[in-house]
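> what's the 3D shape of this:
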Amino acid sequence: MITRRNLLKGLLGTSLAGLFTGIYAGFVEPDLRMQVQRWALQPKGWPRGRALRLVMVADLHGGWPNMSVARIRAVVALANAQGGDMILLMGDYRATHRFQMDLVPITMSAPILAQLQAPLGVFAILGNHDWWDALRLDKAAMAPIPTQTALEAAGIEVLVNQAIKLDGFWLAGLDSQTALQTIRQHKDDWVGKSDLAGTMRQITDDDPVILLAHEPDVFAQVSSRVALVLSGHTHGGQIRFGPWVPVVPSQFGTRFVYGCIQEDGRDLVVSGGLGCSGLPVRFGAPPEITVVDLS
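Just a heads-up that it's a prediction; the model follows:
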């Protein structure tokens, strides 16, 4: 029998559960639960016995409270501690949502990111929010945008539709695939700055290719010539309830939402990233630094 007392107790319990869930999603998970997610694989075309450790720092979205200057310093320290051969910055360096209480612009975070160290170097690509940040200041913004300029001024090499030869392999980086998309556009009407074909034409031998692409959707177009694609952008869903992910910023739904994905003999790793987009909350998708071991 439902009594007034039981009804009030139920409403109070529901309210408290909602309050604690909101506190957890808004402060505990995005601020405290930073983890290291590790993947080990041997992609097709990767030389046997050739070990390589890649450390991915994706989707910082700098801005207080979720990604303060102190937290960016902690991210740098944790990334350096992973012993990576390369550290890869995967785009989206500043929060652009309206719920920030204090801004952390790229001119503030770039000198901190410059403290990242790895034997083969630290490399960066650009994300859609880096372009949107530039376009808010100047609707006619052209490359190089302020994020690229600030990172390069701090000594970090930014790959913008560019492929470079390293120690027996190629590292290629695409520009954002949704650089010019606006909130009013349908999610399928992606307008970007990426040039996959032009980037691949820069590769002049048969050595394996690692491709950095902020948005993972390009994986559907990548040929088996590329040994591995690394991406961010999705935040692992950012808010997820087990297998159900309400919103994924992808044309393919949850197909490329998170983790190590293999299709047709090709490999993709999508980092869950570190920051927040849209809303300053994460639930069921804790922030992470992603370590990929090739061997």
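
> Mind jotting down where the helices sit in the protein?
Taking DSSP state H, the helices of the chain run over residues 4-23, 29-32, 69-80, 106-113, 128-137, 146-153, 196-200.

> so M101 touches M67, yeah?
No - if you go by Cβ atoms under 8 Å, M101 and M67 don't touch, sitting 11.6 Å apart. Any C-beta I mention is one placed from the backbone N, CA and C, and that applies to glycine too.

> what about these two, which has more around it?
Residue environment comparison for M101 versus M67 gives the larger neighbour count to M67, 27 against 10, counting by other Cβ atoms under 10 Å.

> And stretch 96-110, how far out from the chain middle?
Distance, stretch centre to chain centre, for stretch 96-110: 16 Å (Cα atoms, centre = their mean, to the nearest Å).

> now stretch 70-86
Averaging C-alpha positions (Cα atoms, centre = their mean) puts stretch 70-86 15 Å from its chain's average.

> Can you flag the weakest of the helices of the chain by average pLDDT?
For those, the weakest mean pLDDT is recorded on helix 4-23, namely a mean of 36.

> Low-confidence regions, the stretch 151-295 of the chain specifically.
In the predicted model, the stretch 151-295 of the chain carries pLDDT under 70 at residues 182-190.

> run the last query once more with 90
Scanning the stretch 151-295 of the chain for pLDDT under 90 picks out the ranges 181-191, 243, 278, 295.

> Would you mind confirming that V269 makes contact with T290?
Yes - because the distance of 6.8 Å satisfies Cβ under 8 Å, V269 is recorded as touching T290.

> Of these two, which one has the most company?
Summary of the neighbour comparison: V269 and T290, criterion other Cβ under 10 Å, with T290 having more neighbours (29 against 23).

> In space, what's closest to C260 - neighbours in sequence excluded?
Ranked by Cβ to Cβ, 6 or more residues apart in numbering and with sequence neighbours excluded, the top spatial neighbour of C260 is W39, at 4.8 Å.
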